[in-house]
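1. Quick one, fold the following:
(one chain, ligands or ions: 2)
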Amino acid sequence: MVKRHANNTSEAEFREPAAKTRRLTLVPSACDVSVTNACNATCDFCSFARDKQLVKEKRWLNRADFARALPILYRRGIRYLTFQGGEPLLHREIDGLVADAAAAGIHAGVITNGWMLPQKIESLIRAGLRTLLVSIDSHSLEKHEENRGLQGVGERIRQGLSVARHNGVLRMASVTVSRLVQYEALPELLDYLGFDAVVFSYPRREPFGSTSMVFSQNSSLIDFGKEELCEALESIKALKKRFPVFNPAASIDDIKRHVRGEREHFACVGGYKYFYIDWNLNVWRCEAWNKPYGSVFDLDKIPDCRDRCTACMMSCYRDASVLMHAGMAFEDAMTAAGTGHLGEGTRLLFQRTVAQSLASVVAQSRQVFRLAGRPLKHSGKEQLSAV
Ligand code: SF4
Ligand code: SF4
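-> Ligands and ions are numbered 1, 2, ... in the order given. Got it, this is the predicted structure:
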């Protein structure tokens with residue numbers, strides 16, 4: 001029997017790219033997918049916040065259309081998707097979206113504020129969720145709940161993470177750098193809530209050009225000067241000694257260079273190995289870009305972009321750029337060698353940035369390996385009977 005995927009394509013159609021789009025893809029690509037612009041929270045540093053009332057019309061990603069897009073994403077080498085919002089768990093078919101991505105051979109993660117985790121976590125796990133990111137704004141649960149406008153969200157996060165933990169889902173806190181955070185006090189809360197690790201994102205004051213609204217022009221929580229922001233970045237590096245932090249140190253150093261206006265070492269992979277897709281199924285180079293490339297259904301025809309952009313400090317793109325750099329150098333070296341340019345291939349491999357990237361990959365792999373081997377401490381009653 002021919003195996004068929006969610007959009008009714010056969011296995012052969014799904015896996016095989018058209019000859020003209022075939023490419024060397026040793027390094028998997030990633031994509032952020034915004035499934036809605038609706039949100040139930042009031043975060044001061046975000047313009048999706050319900051109390052700001054800047055979202056005029058709620059929009060939802062169509063599951064059937066997204067399923068049709070999955071083979072195209074797979075052909076482009078995308079193996080990691082993070083569903084985001086707004087608040088993605090407000091999407092009635094979020095578990096179906098995760099299931100379709102997982103069935104397509106794409107590792108699916110979700111980033112959520114956690115309010116709906118108790119209701120949704122079991123179906124998400126059944127659907128194949130691999131990574132759960134939950135936003136945390138402070139070392140103080142009280143300050144976090146106040147900023148989110150979600151009284152009691154801490155307990156809901158704790159419940160959801162407990163179930164995720166017993167089902168082997170990686171649980172990451174996603175912390176925006178803001179004046180609400182005391183870095184040295186953060187591990188205590190993250191341990192209490194049940195996180196494996198933390199990843200930091202950097203605040204954004206300028207509006208994005210895309211449909212993303214995760215910025216705030218007026219928030220006093222994020223109106224940092226250069227030195228204050230660099231101090232926060234140093235605190236994040238120091239935290240690595242006490243808690244697993246997934247931002248590579250080399251990436252944090254590059255963000256410091258960005259803040260100080262110095263030349264960065266790592267070019268961004270946005271538009272080459274990392275993309276943004278919104279609820280309209282438009283594909284963008286990244287959330288910060290001001291014009292979509294077009295419909296996701298045209299992705300096969302959209303060329304790679306490798307212009308050494310370092311225009312912003314979006315952590316997901318910039319961290320991925322460091323981690324992917326060594327693999328991409330290998331891809332480029334192979335291509336150069338394959339066309340007779342052996343010297344150029346060798347030069348590409350023996351760069352200091354390649355060694356820094358490899359060191360970052362090794363450090364992160366060690367963290368993941370350690371987390372995978374960590375014994376469960378709970379009684380087991382939170383386990384899903386059906387999973
Ligand atoms: S940061 Fe997330 S939870 Fe907070 S308002 Fe923005 S989209 Fe909603
Ligand atoms: S540096 Fe920023 S603006 Fe440039 S491609 Fe990367 S994410 Fe986009």
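2. Only C-alpha atoms from now on, for both contacts and neighbour counts.
-> Noted.
3. on contacts alone, who are the packing partners of the host helix or strand of residue 355?
-> Secondary structure assignment for residue 355, by DSSP states H and E: helix 352-372. Applying 3 or more Cα pairs under 8 Å, 6 or more residues apart in numbering; DSSP states H and E, we find helix 352-372 packed against helix 249-260, helix 315-338.
4. could you say what helices and strands the following helix or strand past the shortest one packs with?
-> Going back to what we said before, that points to helix 249-260. Sequence order places strand 274-277 as the next helix or strand after helix 249-260, per DSSP H and E. Strand 274-277 is packed against strand 29-34, strand 282-284, with contacts defined by 3+ Cα pairs under 8 Å, 6+ apart.
5. so for strand 274-277, what's the average pLDDT?
-> Strand 274-277 carries an average pLDDT of 98.
6. and it, how far out from the chain's middle?
-> Offset of strand 274-277 from its chain centre (Cα atoms, centre = their mean, to the nearest Å): 10 Å.
7. and what of stretch 160-172?
-> Between the centre of stretch 160-172 and the centre of its chain there are 17 Å (Cα atoms, centre = their mean).
8. what's the closest non-adjacent residue to residue 267?
-> Among residues not flanking residue 267 along the chain, residue 308 sits closest, at 4.6 Å (Cα to Cα, 6 or more residues apart in numbering).
9. State the number of residues packed around that neighbour.
-> For residue 308, the neighbour count with other Cα atoms under 10 Å is 13.
10. Determine the three-state secondary structure at residue 110.
-> strand (DSSP: H, G, I helix; E, B strand; the rest coil).
11. what about the strands in the stretch 51-200 of the chain?
-> Assigned by DSSP state E, counting those that start in this stretch, the strands in the stretch 51-200 of the chain fall at 78-84, 107-112, 131-136, 170-176, 197-201.
12. nearest to ligand 2, of these?
-> Proximity to ligand 2 (Cα to the nearest ligand atom) singles out strand 197-201 among the strands of the stretch 51-200 of the chain, at 12.2 Å.
13. Run the contact check for that closest one versus ligand 1.
-> No: Strand 197-201 is not in contact with ligand 1 by Cα under 6 Å from any ligand atom; minimum separation 10.9 Å.
14. Run through who's touching that strand.
-> With contact meaning Cα atoms under 8 Å, 6 or more residues apart in numbering, strand 197-201 is reached by 171-177, 243-247, 314-316.
15. farthest pair in those residues?
-> Pairwise distances across the contacts of strand 197-201 (Cα to Cα) peak at 21.9 Å, for the pair 243 and 314.
16. what's the closest of the strands of the stretch 51-200 of the chain to residue 251?
-> Among the strands of the stretch 51-200 of the chain, strand 197-201 comes nearest to residue 251, with 11.3 Å by Cα to Cα.
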